[in-house]
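[1] everything below, folded, please.
(2 chains)
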Protein chains: 2
Amino acid sequence: MTSIPILENPSKEYLFDTLIPSRQPAILRGLNIGNCVEDWKNIEYLKKKCGDKIVSIREFTTENLDFLNKNYEFKNVTFSEMLDLILQSPEVQKMRYYFRSIGENPRKEVSNVDKFSPELSADFKIPIQFESIKEKLFSSILRISSQRIRVWTHYDVMDNILCQVTGDKEITLWPPSDVPYLYVVGSTSSVLDIENPDLLKFPKFQYASPMKGVLKPGDVLFLPSLWFHNTITQTPSISINIFWKHLPDDQYWLKDLYGNRDPIIAEKCLEDLANCIQNIQKMPPHYSNFYLRKMKEMIDAKLNE
Amino acid sequence: MTSIPILENPSKEYLFDTLIPSRQPAILRGLNIGNCVEDWKNIEYLKKKCGDKIVSIREFTTENLDFLNKNYEFKNVTFSEMLDLILQSPEVQKMRYYFRSIGENPRKEVSNVDKFSPELSADFKIPIQFESIKEKLFSSILRISSQRIRVWTHYDVMDNILCQVTGDKEITLWPPSDVPYLYVVGSTSSVLDIENPDLLKFPKFQYASPMKGVLKPGDVLFLPSLWFHNTITQTPSISINIFWKHLPDDQYWLKDLYGNRDPIIAEKCLEDLANCIQNIQKMPPHYSNFYLRKMKEMIDAKLNE
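    Model (predicted):
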């Protein structure tokens, strides 16, 4: 298994002239993400700052959060109650909890940590090396979860940094070129159990090329758009995830609140292809199979150019 | 190299209940295609029947007729002059000639041997076993060519029978599923020299599964639509090729005079895909490559269903 490269204290120039254009992920170590790394170890501190806020959290029993089968329920609790639930000792813990901040108007606004809690937000800083992304900022998301929570493999369409504040989180990444091996539905892989995949159901999964790494408090993962990612918390965990628009504004959907809707051109193209595939099947199978193969060759020829 | 199956005197029931539905080609031997097999050996007989008719023939110098690079010229001669040119002895012959009958109004009508020459047509019969195709007849084509003429690899979109009248013709066929290996442009393979293919340019050609056979006078090749075919005359050759519509009428283009235009749904689908591929390339390459791969997977998933 390849390791996700770790870069110690990279310069802004290296990040924007080399790393980001290379479309390769990296764990960035030694950047300053603010006092949160120290202060948020103290649960009483967090409760004092934001304890009464009502939040919606996912509650579930198994390790693998499953977006395709929705094996979780939403539950409203105060931020303080959530912290108690999430940080309770593993012996006590029967349920697992996962919190991801959303917009004030969750159907219309993206998550913004500044708005969610100016008090907490004051403790967090986008690292100075990433100063320039602020003008293209899309969303900032607070993620808090119990230990041993695995979030399903999926891709997002915006570059982002995942800033680990407290706890350890294991990250598995697959390059965009692994899309043939991940049985993708929408932006989500159907292979839920990546440690013990069902190779009868998902035989091509064995050809994928994952990279692994562990984020420690203070670490920042640069996650390029379209890279598939799967995370599992090794301990209770708090992180802040910053998304920015690195394509021209007009390539994104206005209403994509989660940053995972395929860009406009791409989505239309996939829709057209789906219609095309449906139409071609109005012909007898020996015709539709032939033309599907011909279509595949047209795409392959373009990929091999 | 697999041989094209040879069927001795197959019944109508076998042809229409088994062979044609199987979408497999075969050389049918022992069918009656009329007096032409005997009478057309005699060049004076042919000249007497149709000698004065002006025909347009392809003239060229190399063995491989090349539709993509159009390595031939058209020349108008009388049918008698053509026969002399085509049948002249190999020692004399510097040029090669290939004749394919066309419609009276060649831009609007398909070829019809009855109209081309009722006198010659009277000597030819569609074998009684194929009687039922007469109601769905599309075109009938007279093909006359010098020895050692190779006609480029391509597919047609209608089922047809190639009735060999005089001379021997070697046939190479590839199943529709070989489309990934034949470097197809439109309905034509880019691999011109199939005996000594340029494997640096066409590496996947080696994975194709050709079948070979030789048509002797009186033999009838059943050639299912979408099968790629390449022919080479071993001697001067005369044949008649009968195409019929085996899909519902409204699936074909009204103006497809050669029976090689992709059916309406298919052509539209291929056009949509071409547009799609063009659009997706308006995105940065790491996006367009990803979405092209995703498109390819959508097609693959359908093919593997």
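
[2] would you state the strands of the stretch 101-250 of chain A in chain order?
    Secondary structure of the stretch 101-250 of chain A (DSSP state E, counting those that start in this stretch): strands at A:137-145, A:150-154, A:159-166, A:169-174, A:184-185, A:188-189, A:211-215, A:220-223, A:228-233, A:237-244.

[3] was I right about A:Leu162 contacting A:Val220?
    Yes: using Cβ atoms under 8 Å, A:Leu162 is in contact with A:Val220, at 7.1 Å. The C-beta positions use only the backbone N, C-alpha and C, and glycine is treated the same way.

[4] could you list the buried residues of stretch A:200-219?
    By 16 or more other Cβ atoms under 10 Å in any protein chain shown, the buried positions in stretch A:200-219 come out as A:Phe202, A:Phe205, A:Ala208, A:Pro210, A:Met211, A:Gly213, A:Val214, A:Leu215, A:Pro217, A:Gly218, A:Asp219.

[5] and if you look at stretch A:293-305?
    In terms of neighbour count (16+ other Cβ under 10 Å), stretch A:293-305 has its buried residues at A:Arg293, A:Lys294, A:Met295, A:Lys296, A:Glu297, A:Met298, A:Ile299, A:Asp300, A:Lys302.

[6] thinking again about what came up before, as a markdown table, the buried residues of stretch A:200-219 with pLDDT and distance to A:Lys136 would be great.
    Listed next are the buried residues of stretch A:200-219 as a markdown table, based on pLDDT from 0 to 100; distance: Cβ to Cβ, whole Å:
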| residue | pLDDT | distance to A:Lys136 |
| --- | --- | --- |
| A:Phe202 | 97 | 36 |
| A:Phe205 | 97 | 34 |
| A:Ala208 | 97 | 31 |
| A:Pro210 | 98 | 29 |
| A:Met211 | 98 | 26 |
| A:Gly213 | 98 | 26 |
| A:Val214 | 98 | 29 |
| A:Leu215 | 98 | 23 |
| A:Pro217 | 98 | 27 |
| A:Gly218 | 98 | 24 |
| A:Asp219 | 98 | 23 |
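
[7] what's the closest of the residues you listed to B:Ile20?
    A:Phe202 (38.9 Å; Cβ to Cβ).

[8] in helices, which of the buried residues of stretch A:293-305 appear?
    With DSSP state H as the criterion, helices contain A:Arg293, A:Lys294, A:Met295, A:Lys296, A:Glu297, A:Met298, A:Ile299, A:Asp300, A:Lys302 from among those.

[9] mind telling me which residue of the stretch 51-200 of chain A is nearest chain B?
    As assessed by Cβ to the nearest Cβ, chain B sits closest to A:Pro176 within the stretch 51-200 of chain A, at 4.2 Å.

[10] surely that residue touches A:Ser209?
    No: at 11.3 Å, A:Pro176 does not count as touching A:Ser209 under the criterion of Cβ under 8 Å.

[11] more crowded one of A:Leu162 and A:Val220?
    Set A:Leu162 next to A:Val220 and count neighbours by other Cβ atoms under 10 Å in any protein chain shown: A:Val220 wins out with 27 against 23.
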